[in-house]
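Colleague: The amino acid sequence is not available; the structure is as follows:
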Ligand SMILES: *[C@@H]1O[C@H](CO)[C@@H](O)[C@H](O)[C@H]1NC(C)=O
Ligand SMILES: *[C@@H]1O[C@H](CO)[C@@H](O)[C@H](O)[C@H]1NC(C)=O
Ligand SMILES: *[C@@H]1O[C@H](CO)[C@@H](O)[C@H](O)[C@H]1NC(C)=O
Ligand SMILES: *[C@@H]1O[C@H](CO)[C@@H](O)[C@H](O)[C@H]1NC(C)=O
Ligand SMILES: *[C@@H]1O[C@H](CO)[C@@H](O)[C@H](O)[C@H]1NC(C)=O
Ligand SMILES: *[C@@H]1O[C@H](CO)[C@@H](O)[C@H](O)[C@H]1NC(C)=O
């Protein structure tokens, strides 16, 4: 009986997931948009590839270099092939992809499921097969697919995003497919068969409130994340300057526990030591990249204190727990009851602080995080002691 159950479960999963072999864990890398917007060119992309290696970010797992909007300028009137902007990208995208690959990294591009991109460059609608073919020829590894200027197509999101999915598949090259329809059609509920990740939210901006807005919405869809298909509350703002280091540490903690893509959005050529420390914390990254791929979520909200507890399971049977003080001005303490984590009041666990890289000892039944500063977190790994 059990055997048949697992066969059925297996079938179910393979039908559901996009079958390109990619996205077993959330994607990690860098994207040009949050810092540079449209002001990009091949020099800045090459320097960023170099910087990812020089800073140790590549070694920490950030391996995609993704060029966002504004790399394309027009279509060849005869062949309809997409033409890179001759000012910013005079050497062409194949040469840029080669450079990125020569540094041991992967190369991503951006397009749009409408008639033009958000910045008014040519969209892929109606040209999906031609564009996908060219991407594969250029050895592109990743496509972020936006949703601007799609009204004139009169086509649904489903139809437009599936057309590009199929076009990418027809190239025979595994290309990570990152869908960006801003959560409009609740993609978490049905994009598993369409893309490797799907945006659940509007664009992030570099403020505390925008970061919270996005991760709170994203949390509603926690149960739909799994290997090969993850919720995407948008890219990281760490290093861009709009939040405090404490808030950026919270940003990194929440994105990691939520199995969100970790796509750096700052100028890594000029990154501060403090931002680098946040982005390269190997114990926090290990939570994000845990092979179980289960999205951690809010398990307790204390409205009086404006505090929350987030938690999720890890592959080794332990749990990751975040004690989060959302309050604007005061430090607070947060009590974690092990019964809230699926254990019981006599369970004894070892607790490790992932930001301090420090074992805090054994705790029975509960744990209190003391003095969590305003907008701050403690990020903990809790492992039951086998008695
Ligand atoms: C294309 O789709 C088929 C069927 O889902 C799958 O087996 C194959 O691996 C896919 N190929 C690529 C390159 O994504
Ligand atoms: C390339 O882009 C960077 C970042 O916007 C800019 O500082 C630089 O001047 C640009 N270089 C060229 C040659 O356009
Ligand atoms: C979309 O629909 C409008 C109004 O129904 C029509 O005028 C237009 O030609 C349609 N566009 C396409 C690309 O089919
Ligand atoms: C480098 O970063 C510092 C702050 O960390 C900033 O003041 C400076 O303007 C940046 N330089 C460039 C070239 O972006
Ligand atoms: C509590 O959990 C421990 C394991 O963590 C288990 O050995 C014990 O039987 C449980 N006690 C109750 C009352 O469920
Ligand atoms: C927390 O655990 C301690 C010792 O294990 C116990 O004395 C205390 O009553 C517990 N507190 C709560 C609120 O359960």
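Modeller: Done, it's in. Predicted model only: the values in this text are computed from it and were never measured. Residues are numbered from 1 along each chain as shown. Ligands and ions are numbered 1, 2, ... in the order given.
Colleague: tell me, how many neighbours does the nearest residue to residue 98 once chain neighbours are set aside end up with?
Modeller: By the measure of Cβ to Cβ, 6 or more residues apart in numbering, the closest residue to residue 98 outside its immediate chain neighbours is residue 139, 7.3 Å from it. The way it works is simple: take the backbone N, C-alpha and C, and place the C-beta from them, glycine included. For residue 139, the tally of surrounding residues (other Cβ atoms under 10 Å) stands at 16.
Colleague: again with the one 3 residues further on
Modeller: Counted with other Cβ under 10 Å, the neighbours of residue 142 add up to 24.
Colleague: residue contacts, it?
Modeller: Under the criterion of Cβ atoms under 8 Å, 6 or more residues apart in numbering, the contact partners of residue 142 comprise 27, 29, 64, 66, 106, 107, 108, 109, 175, 176, 178.
Colleague: On the pLDDT front, check residue 14 for me.
Modeller: With respect to pLDDT, residue 14 has a value of 46.
Colleague: and the gap between residue 228 and ligand 1?
Modeller: Residue 228 sits 11 Å away from ligand 1, going by Cβ to the nearest ligand atom, to the nearest Å.
Colleague: could you measure that residue against ligand 4, distance?
Modeller: Plainly put, residue 228 is 37 Å away from ligand 4 if you go by Cβ to the nearest ligand atom.
Colleague: can you list the weak-confidence ranges in the stretch 251-387 of the chain?
Modeller: 387 (pLDDT under 70).
Colleague: Give me the phi and psi angles of the residue nearest to residue 98.
Modeller: Listed backbone geometry of residue 139 is phi 70, psi 40, with angles given as degrees, to the nearest 10.
Colleague: Break this structure into its domains for me.
Modeller: 2-288, 297-384 (automatic domain parsing).
Colleague: Thought residue 195 was touching residue 232, still the case?
Modeller: No: in this structure residue 232 lies outside contact range of residue 195 using Cβ atoms under 8 Å: 9.3 Å.
Colleague: what residues are shared contacts of those two?
Modeller: In contact with both residue 232 and residue 195: residue 178, using Cβ under 8 Å, 6+ apart.
Colleague: got the residues of the stretch 251-387 of the chain near ligand 4?
Modeller: If contacts are counted using Cβ under 6 Å from any ligand atom, the residues of the stretch 251-387 of the chain sitting beside ligand 4 are 267, 270, 272.
Colleague: Relative to residue 132, how far out is the spatially closest residue to residue 332 that is not a sequence neighbour?
Modeller: Of all residues not flanking residue 332 in the chain, residue 325 sits nearest, at 5.0 Å (Cβ to Cβ, 6+ apart). Summarising the geometry, the distance separating residue 325 from residue 132, computed by Cβ to Cβ, to the nearest Å, is 46 Å.
Colleague: now do residue 255
Modeller: 29 Å.
Colleague: right, and the secondary structure at residue 129 would be what?
Modeller: Taking DSSP: H, G, I helix; E, B strand; the rest coil as the rule, one finds residue 129 in the helix state.
Colleague: Count the residues that sit near it.
Modeller: Residue crowding around residue 129 was assessed by other Cβ under 10 Å; the count is 16.
Colleague: swap in residue 152?
Modeller: 11.
Colleague: so is it in a helix, a strand, or just coil?
Modeller: With three-state DSSP as the criterion, residue 152 was assigned helix.
Colleague: Just the pLDDT at the residue nearest to it when sequence neighbours are not counted, thanks.
Modeller: Closest residue to residue 152 apart from its sequence neighbours, by Cβ to Cβ, 6+ apart: residue 115 at 5.4 Å. Per-residue confidence (pLDDT) for residue 115: 98.
Colleague: Please apply the same query to the one 4 residues further on.
Modeller: Reading off the confidence values, residue 119 has pLDDT 98.
Colleague: which residues sit in contact with it?
Modeller: For residue 119, counting by Cβ under 8 Å, 6+ apart, the contacting residues are 38, 69, 70.
Colleague: which among those gets closest to residue 357?
Modeller: Proximity of the contacts of residue 119 to residue 357, judged by Cβ to Cβ, is greatest for residue 69, which lies at 38.2 Å.
Colleague: so the closest one touches residue 121, yeah?
Modeller: Yes: applying Cβ under 8 Å, one finds residue 69 in contact with residue 121, separated by 6.5 Å.
Colleague: what's the nearest residue to the residue in the stretch 51-200 of the chain positioned nearest to ligand 2 if we skip its chain neighbours?
Modeller: When distances are taken as Cβ to the nearest ligand atom, the stretch 51-200 of the chain approaches ligand 2 most closely through residue 88, which lies 6.7 Å from it. Spatial nearest neighbour of residue 88, excluding adjacent residues (Cβ to Cβ, 6+ apart): residue 41 at 3.8 Å.
Colleague: try residue 136
Modeller: Spatially, and ignoring its direct neighbours in sequence, residue 136 is nearest to residue 171 (3.6 Å; Cβ to Cβ, 6+ apart).
Colleague: separation between residue 275 and ligand 6?
Modeller: For residue 275 relative to ligand 6 (Cβ to the nearest ligand atom), the value is 37 Å.
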